[in-house]
Each structure stands twice: as C-alpha cells, then as structure tokens.
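**Student:** Any chance you can model this:
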Amino acid sequence: MGSNTDTTRKRKGCGSIQKKANGSYLGRLRISGYDPFYYTGTSEKEVQKKLNEFRLFTLRKEIVPQKQTVNSYIERWLTTVKMPSLKPSSYDRLNNCYRYAVATRDIGYNPVDGVQLPKQENMSIQTKEIEILSDADVELLEAAQSMCYKTGRLRYWYAPAYALILNTGLRSGEALALTWDNVNFQTKTLTIRQNASRVKKRDTADTSGSKQIITTTKSRSGTRQIPLNNNALIALERLQELQKSNRIKTNYVICTSTGKMVVQNSFYSIFQRTQKSLGIKPVTVHALRHTFATRLIKAKVDIKVVSKLLGHSSVKITYDTYVHTDLDRAFSAVQTLE
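**Tutor:** Residues are numbered from 1 along each chain as shown. Below you'll find the predicted structure:
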C-alpha cells in the first residue's frame, strides 16, 4: 500500500488528499446524503479547490442526493434552471456522457435512457431551414457510385456510402458503425444497433485530442430495422464489390482501404471533394439524412413512419424538423379554398 501513496492530508470538513507515487493527487470528500466525491489532479491546490467547490455546491443543494431519482432530478432541473429556454442538445449531452460511460464499462447501464422530459408549453418551435439535395444532385451522387472502383479516385471511394445514407436516412455515426452481420439481403433490411461517436481521450498521458469509439445508438428508438429499397441494395452491393476487388477483409460495411472503421472527419472532408468534383452544391453529410426524410414527407408518407425510420425519440422532433420545410405545398393547399 505504501508504494501507491506518499502522504495523506486531512482537513476537517474539507476532505482528504493523497499524493500518489506517480506524482498526482487524489482528493476524497464525504458528505451525508451524497455519493463520495473523488477528484484526481496534478497539484494539491487544484484538488483542494475542486473539493471546496463540491462542498459549496452541496450547501446550495445543486447536487443530486443519492435517494433522488434521475427522473425527478431532471424534472427539477428543467423547471427551475432551464425552462423555458431548454434545447434538446442539453439533454443529449447528459445522455451522451452516460452512453460513453456504459461503452467504457464504467457503469452498467444508462440511467438517463427512457427518461421522459416534462412538456414545455413555451418552448419555441425550430424554424431553421435545413439543407437538402436537389433531385438533380441526388441523381449525380447515385450515378457516381460506378466510379468508386477507379484507382486514384479517392473522392469517389465513398460514393456508395453516401448513396446508402441518402436512401436509408442513417446518421453518419450509424452508417460508419454498420457491420455486414447487420445487413440481411434476403429480407432486404438492415438493423441499427450501434453508433460511432467521437469522445475526448481519457488517457492520463495524453489528454489532448479525441478518439472515435463504438457506442449504443443515440436513444432507445435509435435501435431499429430499416427496409432497403433498390437504390440502397445497389449501394450495399457496390460496397461489397469494392471490398472484394481490393481484397479487404473487414466486417465494416463502410471502411478504409485497410479495412478499418472510417474516421468521421475524413468521411466529411471526402464528401466535400466528391461534391466539388460532381458540381453539386456543397452541403453536409447530414443533409443526406435530411433529404431522405424530406422526400418521404413530400411523398405523403405517414409522419409516424418517417419518425420510426429516422430513429427519432418522438414524432414531435420529426414534425418540427421537417414538416415546416414543405411550405410550398401548404400555400397551394390553402389557395384551393379561394
């Protein structure tokens, strides 16, 4: 035990601080009604500051007591702190933290999964215009798949992958994490079970930068089965042929030339090169998902079906994101009453 720590200092009400053999400092603070608080830092001053901050937070009752449920805490937080300016991203950040902790096996389950957010009557409806591809650009992108086999044409290497997203509405992280064992050519379906996410490095030796890991889907509804149309099947067959012709052995549907999972930033940057080469108006990869959803809405597909295909946690998200984009049809509809 003596090799792990050098000294231990205790101050009444301020916790204890241990200097470890590697030069770091471990602080501990126990307060009745709360989980023990631990913090590791590079100096005793830094650790003591964090312990003091925790003690002050508990005095202000800003930390969740052990006996309080996640549901009740989030509801109190929303009504007292964030209402009415809450954005879905605030909840998503908390959910992503727990998803990462599950993926790294720090905890056994995600306590936020399934939490019902309280209704917000004053929450403003999203009005930001979304990016979509024109019908002509969709045709150009799908036609570019045939050029993915040409050597030295990196800008077309992932053309089938972009066409797949365009015809399935996958999030880019879901597409990059997709494996062949989740593709069923017989039933013409693919199953989404995981997602590729970028997280900050946790290595003590290197705290800079981030890395890409496989996590669970964005929400419980994100785990879903998606039927494949002919265009999606063609894209998958192209990806399969590309791997076979280059003798790539991998389980990833979308991969690098060495069979590894594609890094999101590379996937995004190559998409920009693909668009430039084809003369397509520059949009983000996420615009492919938006285009998929918008085309379904214009085809009068039930909003509930669209929401399920996209893996949204509620129909309201689908409605607020896509229904307002079809204003031309709305104007035409009311003009019929004149």
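
**Student:** so what's Asn110 closest to, chain neighbours aside?
**Tutor:** Tyr98 (4.4 Å; C-beta to C-beta, 6 or more residues apart in numbering). For glycine as for every other residue, the C-beta is placed from the backbone atoms N, C-alpha and C.

**Student:** Check for me that that neighbour belongs to a helix.
**Tutor:** Yes: counting by DSSP: H, G, I helix; E, B strand; the rest coil, Tyr98 falls inside a helix.

**Student:** For it, give me its contacts.
**Tutor:** 107, 110-113 (C-beta atoms under 8 Å, 6 or more residues apart in numbering).

**Student:** Among those residues, which one is most surrounded by other residues?
**Tutor:** Most neighbours among the contacts of Tyr98, by other C-beta atoms under 10 Å: Asn110, with 22 neighbours.

**Student:** ok, Phe37 touching Leu29?
**Tutor:** Yes: counting by C-beta atoms under 8 Å, Phe37 does reach Leu29; the two are 4.6 Å apart.

**Student:** okay, the contacts of Tyr98 in TSV with secondary structure next?
**Tutor:** TSV is the format used below for the contacts of Tyr98 (three-state DSSP):
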residue	secondary structure
Ile107	coil
Asn110	coil
Pro111	coil
Val112	coil
Asp113	coil
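
**Student:** CSV for those residues, including pLDDT and distance to Ser219?
**Tutor:** Shown next, in CSV, are the contacts of Tyr98 (pLDDT from 0 to 100; distance: C-beta to C-beta, whole Å):
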residue, pLDDT, distance to Ser219
Ile107, 72, 17
Asn110, 75, 10
Pro111, 71, 14
Val112, 69, 10
Asp113, 70, 7
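
**Student:** Could you tell me how many residues sit around Leu228?
**Tutor:** For Leu228, using other C-beta under 10 Å, the count is 20.

**Student:** Not counting its neighbours along the chain, what's nearest it?
**Tutor:** Lys188 (4.6 Å).

**Student:** Ile226 is in contact with the one you found, correct?
**Tutor:** No: with contact defined as C-beta under 8 Å, Lys188 does not reach Ile226; the gap is 9.9 Å.

**Student:** Which one of the two is surrounded by more residues?
**Tutor:** Taking other C-beta under 10 Å, Lys188 and Ile226 do not tie; Ile226 has more neighbours (20 against 15).

**Student:** tell me the SS of the more buried one?
**Tutor:** Here Ile226 is recorded as strand under three-state DSSP.

**Student:** need the contact list for it.
**Tutor:** Neighbours of Ile226 in contact, by C-beta under 8 Å, 6+ apart: 168-170, 189-192, 309.

**Student:** can I get those in JSON lines with neighbour count and pLDDT?
**Tutor:** Converted to JSON lines, those look like this (neighbours: other C-beta atoms under 10 Å; pLDDT from 0 to 100):
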{"residue": "Thr168", "neighbour count": "25", "pLDDT": "97"}
{"residue": "Gly169", "neighbour count": "20", "pLDDT": "96"}
{"residue": "Leu170", "neighbour count": "26", "pLDDT": "96"}
{"residue": "Thr189", "neighbour count": "13", "pLDDT": "96"}
{"residue": "Leu190", "neighbour count": "25", "pLDDT": "95"}
{"residue": "Thr191", "neighbour count": "16", "pLDDT": "96"}
{"residue": "Ile192", "neighbour count": "21", "pLDDT": "96"}
{"residue": "Leu309", "neighbour count": "20", "pLDDT": "95"}
